[in-house]
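Enquirer: Turn this into a structure:
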Amino acid sequence: MSKTILHTAESRGTTNLGWLHSRHSFSFGDYYDPERIHFGALRVINDDMIAPGQGYGMHPHSNMEIITIPLEGELEYKDDMNNGSVIGKGDVQVMGAGTGVFHSEVNRNKDRSVSFLQIWVVPKVQKAKPHYEQRYYRTNINELTEILSPDLHEQHLWLFQDIWFYIGKMQTGQSLDYLLKKPNLNGVYIFVIQGEMIVNEQLLKQRDGYGLWEISTIRFTAKTECEFLVMEVPMKT
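Expert: A predicted model of the protein is given here:
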């Protein structure tokens, strides 16, 4: 019998600093819920919106794999490894902090907000050499597009953990099946970016999160046109 956990959009934690509005699927900053520390190796899903011209100044991270997925607007990134870039809708960025990285993330636009998901994964390798990469993905309707894996591959990004991430898009009434890579070790966390969908028998709405483990196959069915993330992660770290 599979196990599940539902995190509705409304139940998420909130940070509002004026220039930053963030919703937290898991405990982060001043938001703390002992029942929502992590889902296996998945530690953070922050749904961020930054005001025009504002952003995070240079700040440090270590021993965390950080994935950034822009949803609207453009985010300007810089770090102390001499990386600098602007990422927008369709881009995915990975920064492995490893032994330590300072970086900044600022809304490049002066006339509109930028919104993005920032996801943290606990690495299986501590104090690794920091790494950085970004890639643009063209996603197709009624398909799961693989964007992250633990394997070095020219078609997708990688990080120091046995994870697989996908972006899914479906039209109303369409279905997709997902077969876990490591069903005995991993679980899957689904985050709905937009629209509504049914995962097995559970209805999910926009910005809901849903974790399943001790399961081998999952069925996604679109109740409306929808876009979502599928994140297969180790349940023990």
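
Enquirer: contact partners of stretch 24-44?
Expert: Residues outside stretch 24-44 that contact it (CB atoms under 8 Å, 6 or more residues apart in numbering): 5, 7, 12-15, 22, 45-47, 64, 118-122, 124, 161, 163, 186-187, 189, 191, 209, 211, 213, 231, 233-237. Using the backbone N, CA and C atoms, a C-beta is placed for each residue, glycine as well.

Enquirer: quick check: mean pLDDT across it?
Expert: Per-residue pLDDT over stretch 24-44 has a mean of 97.

Enquirer: Mind listing what's buried along that stretch?
Expert: Neighbour counts over stretch 24-44 (16 or more other CB atoms under 10 Å) mark 24-28, 36, 38-44 as buried.

Enquirer: what's the answer for stretch 136-152, then?
Expert: In stretch 136-152, counting by 16+ other CB under 10 Å, buried: 144, 145, 146, 147, 148, 149.

Enquirer: Just the ones of the buried residues of stretch 24-44 in strands?
Expert: 24, 42, 43, 44 (DSSP state E).

Enquirer: Give me the helices and strands touching the helix or strand of the chain with the lowest mean pLDDT, please.
Expert: In the chain, no helix or strand scores lower on mean pLDDT, DSSP states H and E than strand 157-158, which sits at a mean of 88. On a contact count with 3 or more CB pairs under 8 Å, 6 or more residues apart in numbering; DSSP states H and E, strand 157-158 meets strand 91-96, strand 131-136, strand 143-149.

Enquirer: From the chain's centroid, how far away is stretch 36-55?
Expert: Centroid separation between stretch 36-55 and its chain, computed with CA atoms, centre = their mean, to the nearest Å, is 8 Å.

Enquirer: end-to-end on it?
Expert: Chord length of stretch 36-55, first to last residue, is 26 Å (CA to CA, to the nearest Å).

Enquirer: Endpoint to endpoint, stretch 194-213 covers what distance?
Expert: End-to-end span of stretch 194-213 (CA to CA): 23 Å.

Enquirer: Looking at strand pairing, list the partners for the most centrally placed residue in the chain.
Expert: Nearest to the geometric centre of the chain sits residue 119, at 4.0 Å (CA atoms, centre = their mean). Beta-bridge pairing for residue 119 (DSSP bridges): residue 45, residue 67.

Enquirer: Now do the contacts for it.
Expert: For residue 119, the contact set (CB under 8 Å, 6+ apart) comprises 42, 44, 45, 46, 66, 67, 68, 69, 231.

Enquirer: Compare these and tell me which is most surrounded.
Expert: Counting neighbours by other CB atoms under 10 Å, the top entry in the contacts of residue 119 is residue 42, with 27 neighbours.
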